[in-house]
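K.L.:
Got a sequence here, can you model it:
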Amino acid sequence: MVSKKTVIVVGGGYGGIQVARGLDSKFNVILIDRKNYFLHNVGMLRALTVPGWVDGVLIPYNNLLQNGCVIFAQVTNIQKDYVQVHGSEEKLKFDYLVIATGTSYALPSHVARSEKQEAKKMFEDELKELQKGNHVIIAGGGPVGYELAGEIKDAYPSKQVTLVQAGSALVSATLPSKFRSSAQKKIEKMGVKVILNQFVLWEESVGAENAH
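P.N.:
Predicted coordinates:
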């Protein structure tokens, strides 16, 4: 019997898990990710505003592969036929290597915590801070800021929400002006105050503990 060739997939995001699943039946698949959970980015903004939603965006890798395995570690060395992870000198050999590490952004677009429980606590702490405040100011009216403003206003209609955009229109300058104008009207109809052509200036006296 011919042994299966080994495929190592570095990165357990959307691309990485699709590759790993697709090859699982034909190859010896090893998925390596520094987190012990899959981060479902699409639902992150709602998880920051709605209690209990966080469990739907932090998904364990338990049932991802039927034949292969998942290693929770950070790859520190890549050579032509093997990789090594942090804290180990073992050479994980491969026939094929897929690098699917994706991109890295700050919260709320990305979560740096490697342990699910730590990430869950971070979400819950941010949610508590949001619930305490009466007025939320969002600096940046791009797609993420726009969606976050809508999520907050939808979950907490009584809160004052202000969306500040440095440019002359919301969302993205690459989109048609008609679309951007319609987007602004919709968010304003929800009760969100929109300020265009203005920057949010950081005041040292505010303190990092008040900025999230």
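K.L.:
Find the helix or strand that Val171 is a member of.
P.N.:
In this structure, Val171 sits in neither a helix nor a strand according to DSSP states H and E.
K.L.:
quick one: buried residues of the biggest helix by length in the chain?
P.N.:
Determined from DSSP state H, the single longest helix within the chain is helix 116-132. Buried residues in helix 116-132, counted by 16 or more other Cβ atoms under 10 Å: 116, 119-120, 122-123, 126-127, 130. Every C-beta, even on glycine, is put in place using the N, C-alpha and C of the backbone.
K.L.:
same check, this time on stretch 170-187
P.N.:
Per 16+ other Cβ under 10 Å, stretch 170-187 contains these buried residues: 170-171, 180, 183-184, 187.
K.L.:
ok, residues contacting stretch 118-125?
P.N.:
Applying Cβ atoms under 8 Å, 6 or more residues apart in numbering, the external contacts of stretch 118-125 come out as 35, 37, 39, 47-48, 54-55, 58, 107, 111, 113.
K.L.:
I meant to write stretch 181-197 there.
P.N.:
Residues external to stretch 181-197 that are found in contact with it (Cβ under 8 Å, 6+ apart): 141, 146, 149-150, 153-154, 157, 160-171.
K.L.:
quick check, Phe38 in a strand?
P.N.:
Yes - according to DSSP: H, G, I helix; E, B strand; the rest coil, Phe38 belongs to a strand.
K.L.:
Need the mean per-residue confidence for stretch 151-163.
P.N.:
What stretch 151-163 shows for mean pLDDT is 96.
K.L.:
try stretch 26-45
P.N.:
Per-residue confidence for stretch 26-45 averages out to 93 on the pLDDT scale.
K.L.:
what about stretch 74-85, how long is it end to end?
P.N.:
Stretch 74-85 has an end-to-end distance of 5 Å (criterion: Cα to Cα, to the nearest Å).
K.L.:
actually stretch 135-148, sorry about that
P.N.:
One end of stretch 135-148 to the other measures 14 Å (Cα to Cα).
K.L.:
and it, how far from the chain's centre?
P.N.:
Chain-centre distance of stretch 135-148: 16 Å, with Cα atoms, centre = their mean, to the nearest Å.
K.L.:
Report pLDDT for the nearest residue to Val111 once chain neighbours are set aside.
P.N.:
Excluding its sequence neighbours, the residue lying closest to Val111 (Cβ to Cβ, 6 or more residues apart in numbering) is Ala119, at 5.2 Å. Per-residue confidence for Ala119 comes out at a pLDDT of 90.
K.L.:
Against Lys159, how distant is Ala119?
P.N.:
Distance of Ala119 to Lys159, computed by Cβ to Cβ, to the nearest Å: 25 Å.
K.L.:
and what of Gly191?
P.N.:
According to Cβ to Cβ, Gly191 and Lys159 sit 9 Å apart.
K.L.:
helices and strands around the helix or strand encompassing Val7, which ones?
P.N.:
If you go by DSSP H and E, Val7 is part of strand 6-10. Contacting strand 6-10 under the criterion 3 or more Cβ pairs under 8 Å, 6 or more residues apart in numbering; DSSP states H and E are the following elements: helix 14-23, strand 28-33, strand 96-99.
K.L.:
Parallel or antiparallel, which strands does that strand pair with?
P.N.:
strand 28-33 (parallel), strand 96-99 (parallel) (DSSP bridges).
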